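# Sequence isn't available, so here's the structure alone:
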């Protein structure tokens, strides 16, 4: 059994941050669960274009408010607490945060650890691992 | 892309309830994500002995307070917001809720839909599916 605490993990190398977001990666590939689980904060005022060509991802909103645009269909959705979206078709999308968005994210396959988006807005499959 | 709302799904057949808990199953096997994702409430005052022989599960606490006992090691852990546990070894365990516990749960393989615990505290792999 693995037991971890968000506050402790936030001060470890499992916290990955960019100008637009931080992601606290509570479970990773090295944990052998077959998925990874992250608590991610998208900073207010940021616009994030993404395209997870190599992963399926689900995103459940815990707090904050934003807008999601599906670039495959041009539909837009309000993101607020209780909303989940799942990128079951590797859908290209844009997530805009009007307030800090706190999100519970699940990736399949699991992330190695140090992934940040490439120019396509994707995570590659060969990112450096975090095993601690 | 799949977009759903907890409040709406709570009034659908994706809400499964027993005397001890309710589980709102936002993503299931039929959603083809390779995992299922549920928001589960463990009712205050209940003691829940479980042994997921057929699944790996991670549980992230969103609200409430309780106690987790690992029956493989006899260790106990406080469950409160920000704590995650992962049953990476199909660990037998007991979860006791002193307050209503709201939990974000991920299962691999994904649940079909209508699973409730059998006498072992497990979910079988042949439960009835929810596809709506």
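That came through fine. Since the model is a prediction, treat every value here as computed from it, not as a measurement.
# Look at the spatially closest residue to residue A:30 that is not a sequence neighbour and tell me its secondary structure.
Excluding its sequence neighbours, the residue lying closest to residue A:30 (Cβ to Cβ, 6 or more residues apart in numbering or on different chains) is residue A:131, at 4.6 Å. Bear in mind the C-beta positions are built from the backbone N, C-alpha and C, glycine included. Counting by DSSP: H, G, I helix; E, B strand; the rest coil, the backbone at residue A:131 sits in coil.
# and residue A:131, how many neighbours?
Here the neighbour count serves as a burial measure; for residue A:131 (other Cβ atoms under 10 Å in any protein chain shown) it reads 10.
# Give me the residues contacting whichever helix or strand residue A:23 is part of.
Residue A:23 is part of strand A:21-27, with elements assigned from DSSP states H and E. For strand A:21-27, the external contacting residues (Cβ atoms under 8 Å, 6 or more residues apart in numbering or on different chains) are A:2, A:4, A:6, A:9-10, A:14-17, A:33, A:35-43, A:46, A:48, A:105, A:110-111, A:113, A:130, B:58, B:60, B:84, B:86.
# Model confidence for the residue positioned nearest the centre of chain A, exactly?
The central residue of chain A, meaning the one whose C-alpha is nearest the mean C-alpha position (Cα atoms, centre = their mean), is residue A:105 at 5.0 Å. As predicted, residue A:105 sits at a pLDDT of 98.
# next one: residue A:7
In this model, residue A:7 carries a pLDDT of 97.
# Okay, and residue A:95 sits in which element?
Element membership for residue A:95, per DSSP H and E: strand A:93-97.
# Contacts for that strand, please.
Residues contacting strand A:93-97 (Cβ under 8 Å, 6+ apart): A:42-51, A:64-71, A:79, A:87, A:101, B:1.
# Recalculate using a threshold of 7 Å.
A:42-50, A:64, A:66-71, A:87 (Cβ atoms under 7 Å, 6 or more residues apart in numbering or on different chains).
# and these, which are buried?
When burial is judged by neighbour count using 16 or more other Cβ atoms under 10 Å in any protein chain shown, the buried members of the contacts of strand A:93-97 are A:42-43, A:46, A:48, A:50, A:64, A:66, A:68-70, A:87.
# Which member of those residues is positioned nearest chain B?
Using Cβ to the nearest Cβ, residue A:70 is the member of the buried ones among the contacts of strand A:93-97 that sits closest to chain B, with 5.0 Å.
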